[in-house]
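[1] have a look at this prediction, sequence included:
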Number of protein chains: 2
Amino acid sequence: MTPDTDTAVTVHPAWLPDAATAPLRDLPSAVLGAGPCLETVRSELGRAVPVPEAALVVADVGAVATPSDVGLATLPDVPAGGHAIVRAPGRTVVLGADGPAALRGLYALARSVALARLGAPAPAAVTVSAPEQPLRMLDHWDNVAVHPVMGQVERGYAGGSIFYADGEVRADLGRVRAYARLLAATGVEAVGINNVNVHAREARLLTDGLGDVARIADVFRAYGIRCFLSVSFASPRLLGGLDTADPLDAGVVAWWASAADRVYAAVPDFGGFLVKADSEGQPGPFAYGRSHADGANMLADALRPHGGTVLWRAFVYDHRQDWRDRRTDRARAAYDHFAPLDGTFADNVVLQVKHGPMDFQVREPVSPVLAAMPRTRLALELQVTQEYTGQQRHVCYLAPAWGAVLGFRLDGSRTVGSLVAAGGGVTAVSNVGDDPFWTGHPLAQANLYAFGRLAWDSTLRPEDILDEWIALTFAAASPVALTRIRAVLHAMMDDSWLRYEGYTAPLGVGFMVTPGTHGGPSVDGYEYSPWGTYHFADRDGIGVDRSTATGTGYAGQYPSPWRETYESVETCPDELLLFFHHVPYSHVLASGKTVIQHVYDSRADAVESLDGVEAAWESLVDLVGSAVPAAFDARVRERLAVQRESAVEWRDQVRSYFWRKSGVPDASGRGIY
Amino acid sequence: MTPDTDTAVTVHPAWLPDAATAPLRDLPSAVLGAGPCLETVRSELGRAVPVPEAALVVADVGAVATPSDVGLATLPDVPAGGHAIVRAPGRTVVLGADGPAALRGLYALARSVALARLGAPAPAAVTVSAPEQPLRMLDHWDNVAVHPVMGQVERGYAGGSIFYADGEVRADLGRVRAYARLLAATGVEAVGINNVNVHAREARLLTDGLGDVARIADVFRAYGIRCFLSVSFASPRLLGGLDTADPLDAGVVAWWASAADRVYAAVPDFGGFLVKADSEGQPGPFAYGRSHADGANMLADALRPHGGTVLWRAFVYDHRQDWRDRRTDRARAAYDHFAPLDGTFADNVVLQVKHGPMDFQVREPVSPVLAAMPRTRLALELQVTQEYTGQQRHVCYLAPAWGAVLGFRLDGSRTVGSLVAAGGGVTAVSNVGDDPFWTGHPLAQANLYAFGRLAWDSTLRPEDILDEWIALTFAAASPVALTRIRAVLHAMMDDSWLRYEGYTAPLGVGFMVTPGTHGGPSVDGYEYSPWGTYHFADRDGIGVDRSTATGTGYAGQYPSPWRETYESVETCPDELLLFFHHVPYSHVLASGKTVIQHVYDSRADAVESLDGVEAAWESLVDLVGSAVPAAFDARVRERLAVQRESAVEWRDQVRSYFWRKSGVPDASGRGIY
């Protein structure tokens, strides 16, 4: 672990320990090109030599006139945003399409070296890699001023903000620099630096906070990462002294144009604005009788002269719903609000759509909005921070979940990954804080890593990404130790998402969490609430009828074949059965079990499987202090104990709730209360 | 309304408007005696004249040598702590047993005058009144520093603290003075000025805060009210730098003795310490393997030289209970902890016992501890602040509930009022804050008033106390208006406790409230929690078996006849049925209804009865601006609207929950979801 420049506490180096970069840093190397990212390359490497003597050459192809400039006979094609790695005899050449790409290429080479120690096959002589998603972004729900209810990082489970402390932007941005470096190594190219719920203090980042925003942007620029700001749609009123924020008001238009001018004067490569409008109490265009296209396009006009982008969230629904009303369906909301607007958004607006129709549940169907707006640039929004997936107290490796979303053929042929790659990309809520392990649970680092890698290439297999993360993170381990660590972490993590699903809300029905915190079980916690989040369990059955024939009609928002697949109880996949249908407890699943027995068994089985998780980690005890840092081990053990306690609580509450309600005995005879 | 000296906002005068005291203030009067309370009497009156010329004479009997001193032929006997009022021709004489009693006698006379305007029969020529309870105290759960979760006033629903602001004792104690005056008029004679959950800032009131405590005590002294401090049992560690708080440690004993010396040097008439020990996370003697008698007696020794008293709370239970474990019963805890200690407490310890075995629910059986400790001084603890009874958003006049407790013949012969009067008294958690109406809901003022009056005389009828409160509060109204207001308020308030019970948790089962806030419904909110608060509803039935034969044995903690009465489903009163028994939904109540139909009907009936409540208040519209202040009316209307919305939510959630669980249709056919 390396010293934290902010606090002098020791910060874990995550997937870029010295050992991961040392094999490159020790080589005689040459770097071609200029700009902040190539300066970063130079600082990552040592022993600068002329190209003919270099074992490693890193270059921005724009600085390469002829192949001989980099000591090659021919130059490979370097795709936009991507890089090529040429492994010639005695020399490796990394060519980036631009400065950021060259830097990412260097980290890709480090990854390749690390993987070799895991026994990966030798790479081809020339490997070329290009990003699948144009936008690969992490959002930070960080507040400058600690929010009285939500804390400093909304839905954060890893301490305070790395950006802000004591109500101000940190003076020392050392942690931000280390973070930017980690992100660059995953391929992430943009960050949103403040909470989408924009409170009073944070709104001012757009005006009198621009100097601080520029300082943050300077740090990220050196790693090829652009900064976005979350802005309040009410800014003209809150900050500008206008009496309206109506997007069609000339004064408002002028205010935003001027605000954008000022931002770009401070941050020339500023990414743009991220906006949560008319959602969960945030202001928006509805207050003025305007559409979301009116609102987004007005901001887009302000940003266009500077090349900026509006990221407009589609997370718009009625959060004051009447639980008695079963015709209103929150799942329908994004589609109902936005699909009719397809084709009306400006070309520098990207509509940011949560992966499911609800809110980052452990299991949801893919949002039908992603197939409903072919004339709109779309971004898929994922959640790395584990709001509903164990809050970084539970091991829950999310790459399998994200991979399933990105690979889902939503219109029957094209994957979600390809749909959003067409004009948008992938964003996610980050899981980092000022915790010494960045993410609370050390193993949750793998989620942050995997997000970047899947945004780069959605076809990567989750288990292969995990191998990369292991190879880099434990680069200092001996080959024997590394092999053991790899086996243990796969045993702990590969199925951890399914395990978490196993002991929490069953069969896609979602929620059942403690109101407010969203941590821990409360089966009825959101059942009689205004949030649109219901399971409708009664003594006979459970689930939400979202069919077109008899329910809310949500299934009809999908293109074929999914509308038909989800419409019918017979063809709906078991894991989403209760999301789409209300069925009796006696309904028999594809597994041959009844719904109620599945509820009983899966909760208990999942908790029993934690024995293996704990035993796996325990088997590494002799490596603690060498290949596994003692503090890392201590944190993992602490979290495993908390996970078990929480999982037992989930199991017992869910099982007992349904036993009390259904009266059906558990055939397995396991403890129920 | 009179100006608030603190904030210049208008503060409602509650039950001491000018009109209530003007009939006395306008008389030529003489005051005999010395001391702060007689100075207060003098300031309440005007036109000082010699006794022979006085229409009103107020005297401390200690200052009266012969009857002629006060212009009478004979002096009535004046009981300890009490007063006599002699209505001679052309002259009224108020005689107090001491200064505070003389002041209370003056307010009693004002009450008598006000009641006459309601048509009360003329009082006898000589009326003598003595307090039933020696201790008549209000506890304030006020924090000096705002607590991040609990706020400034824990379980407060009337704004901030009247004692503290901005992390300090208020410089201007004008509101405290006005409050002390109101309390004196009810008979209250002691206050605890800080939260029983003693946090770090509040602990220091005992040491470097003594100057401020003395300022507060000075204010109360002028109204015959003593001050108590809540102290942390860990004070020797927290404040004294000792490494233990063991009550048998000589250093600890010496520290407390010295602390008590310092307190009495600052406040010679200091009441003593109020202690919540080993309860809900507060420190206590258990940490050192000592008993609660050890802990309380050690503090008692420190206070004894100064005449101080320890109020030791019996609210000790396991708040980390396993909800799976049905053998552990929180209701048993106070008895199990304290009954074996009877006879071991020092003579200046008063054990403070909540009225029920749980926690101030809208309906609980009377705590059996109150009959189980004949050799211990006991105080009954009530809750004026409406934590579980509508949080001062619902009209809920609590005098009927308290009267029922005080009049309950717990050992078959003696009432609770007489049991505690033997050596202790009655305490309650206050409901005031810096709200302009003192109590949030203006009608909740009646609860504060009624508490003091019942502590004085537990045989007073709730409806008569309400008449007193109306007569004083609306003393400025014309006789015709007053008659109408009286009828309206009785219609709104007499049955309001039963109405509130009607739409909330049924048949004594309790809780079903939103975790944390305790406001609003959440039927399962505390069902799978560690707090020991369960209803055990399943598809077949509901309730907690606390019988001796088959349950937790709690019923066996009662003396006869209650142990037998509660033990049997047949004899247990319906309103406590689910507290003592788990019964099927089909169980038939004394009313002839099944339990489930009672749940359905009572919730709906109670909400329907709000029509009458609202109509009653509406009928006073023509008095608004004259007999009823406009701001008073506006606040009542605002609260009535909130009450209806909340009551509807209670009704619908409870009815729907049990319908979904039981599957039994509601025979009344009213809306269920």
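    Cool, got the structure. Small disclaimer: the values here were computed from a predicted structure and weren't measured.

[2] report the helix or strand with the lowest average pLDDT across chain A.
    Taking all helices and strands of chain A together, the one with the lowest average confidence (mean pLDDT, DSSP states H and E) is strand A:2-3, at a mean of 44.

[3] all the helices of the stretch 251-400 of chain A, residue numbers only.
    In chain order, the stretch 251-400 of chain A shows helices spanning A:292-303, A:333-338, A:369-372, A:399-406, with DSSP state H, counting those that start in this stretch as the criterion.

[4] of all the ones you listed, which lies closest to chain B?
    The closest of the helices of the stretch 251-400 of chain A to chain B is helix A:333-338. By CB to the nearest CB, the value is 20.9 Å. In short, each C-beta sits where N, CA and C put it, glycine included.

[5] tell me which strands and helices the closest one is in contact with?
    Packing contacts for helix A:333-338, counted by 3 or more CB pairs under 8 Å, 6 or more residues apart in numbering or on different chains; DSSP states H and E, involve strand A:349-354, helix A:369-372.

[6] report all helices and strands that the last one contacts.
    By that I understand helix A:369-372. Applying 3+ CB pairs under 8 Å, 6+ apart, one finds that helix A:369-372 makes contact with helix A:333-338, strand A:349-354, strand A:377-383, helix A:416-421.

[7] try 6 Å this time
    In terms of contacts (3 or more CB pairs under 6 Å, 6 or more residues apart in numbering or on different chains; DSSP states H and E), helix A:369-372 is packed against helix A:333-338.

[8] turn the helices of the stretch 251-400 of chain A into CSV, columns for mean pLDDT and distance to B:A471.
    Below are those laid out as CSV (pLDDT from 0 to 100; distance: least, CB to CB, whole Å):
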stretch, mean pLDDT, distance to B:A471
helix A:292-303, 98, 59
helix A:333-338, 97, 56
helix A:369-372, 98, 65
helix A:399-406, 98, 69
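
[9] out of those helices, the one nearest A:L56 is which?
    Checking these against A:L56 by CB to CB gives helix A:399-406 as the closest, at 30.0 Å.

[10] and the contacts of that closest one?
    Contacts with helix A:399-406, where a contact means CB atoms under 6 Å, 6 or more residues apart in numbering or on different chains, come from A:355, A:366, A:382, A:416-417, A:450, A:454, A:458, A:462, A:465, A:497.

[11] of the residues you listed, closest to chain B?
    Nearest to chain B among these is A:W497, at 24.6 Å by CB to the nearest CB.

[12] what helix or strand is the closest one on?
    With secondary structure defined by DSSP states H and E, A:W497 is part of helix A:496-503.

[13] now do the buried residues in that helix.
    Using 16 or more other CB atoms under 10 Å in any protein chain shown as the burial criterion, the residues of helix A:496-503 that qualify are A:496-503.

[14] deepest of the helices and strands packed on helix A:333-338, which one?
    Among the helices and strands packed on helix A:333-338, ranked by average contacts under mean count of other CB atoms under 10 Å in any protein chain shown, first place goes to strand A:349-354 (a mean of 27).

[15] could you give me the average pLDDT of that one?
    Mean pLDDT, computed over strand A:349-354, is 98.

[16] now do that strand: distance to the chain's middle.
    The offset between the C-alpha centroid of strand A:349-354 and the centroid of the whole chain comes to 14 Å, using CA atoms, centre = their mean, to the nearest Å.

[17] just stretch A:174-182 next, same as before
    The answer for stretch A:174-182 is 17 Å, by CA atoms, centre = their mean.

[18] then stretch A:97-104?
    For stretch A:97-104, the gap between its own C-alpha mean and the chain's C-alpha mean amounts to 23 Å (CA atoms, centre = their mean).

[19] ok, now stretch A:125-135?
    Centroid separation between stretch A:125-135 and its chain, computed with CA atoms, centre = their mean, is 20 Å.

[20] return the set of buried residues in that stretch.
    Residues of stretch A:125-135 classed as buried: A:126-127, A:129-135 (neighbour count, 16+ other CB under 10 Å).

[21] which of those fall within strands?
    Among those, the subset assigned to strands under DSSP state E consists of A:126-127, A:129, A:135.

[22] and those residues, which is closest to chain B?
    A:L135 (38.1 Å).

[23] list the helices and strands the helix or strand hosting A:I465 packs on?
    Element membership for A:I465, per DSSP H and E: helix A:462-473. When contacts are defined as 3+ CB pairs under 6 Å, 6+ apart, helix A:462-473 packs onto helix A:99-117, helix A:399-406, helix A:445-456.

[24] between the shortest one and helix A:462-473, what angle do the directions make?
    Okay, so that is helix A:399-406. Put simply, helix A:399-406 runs at 130 degrees to helix A:462-473, going by axes from the mean of the first three to the mean of the last three CA atoms, to 10 degrees.

[25] could you check helix A:399-406 and say which residues are buried?
    With the criterion 16+ other CB under 10 Å, helix A:399-406 contains buried residues A:399-403, A:405-406.

[26] nearest to chain B: which residue in the stretch 101-250 of chain A?
    Nearest to chain B in the stretch 101-250 of chain A, going by CB to the nearest CB, is A:P148, at a distance of 7.7 Å.

[27] show me chain A divided up by domain.
    Using the TED database, the domain ranges for chain A come out as A:18-129, A:136-473, A:476-544+A:582-672.

[28] out of those, deepest packed?
    Each of these was given a mean neighbour count from mean count of other CB under 10 Å, and the largest, a mean of 21, is that of domain A:136-473.

[29] chain B contacts on chain A?
    For chain A, the residues found near chain B under the criterion CB under 6 Å from any CB of the partner chain are A:324, A:524, A:528, A:538-539, A:653, A:660-661, A:663, A:673.

[30] quick one: mean pLDDT over the helix or strand harbouring A:R635.
    Taking DSSP H and E as the definition, one finds A:R635 inside helix A:630-662. The predicted model assigns helix A:630-662 a mean pLDDT of 98.

[31] next, the angle from it to helix B:630-662.
    Using the same axes, to 10 degrees, helix A:630-662 lies at 80 degrees relative to helix B:630-662.

[32] helix A:630-662: how far from the chain's middle?
    With CA atoms, centre = their mean, you get 24 Å for helix A:630-662.

[33] enumerate every residue touching A:L378.
    Residues in contact with A:L378, defined by CB under 6 Å, 6+ apart, are A:351, A:353, A:420, A:424.
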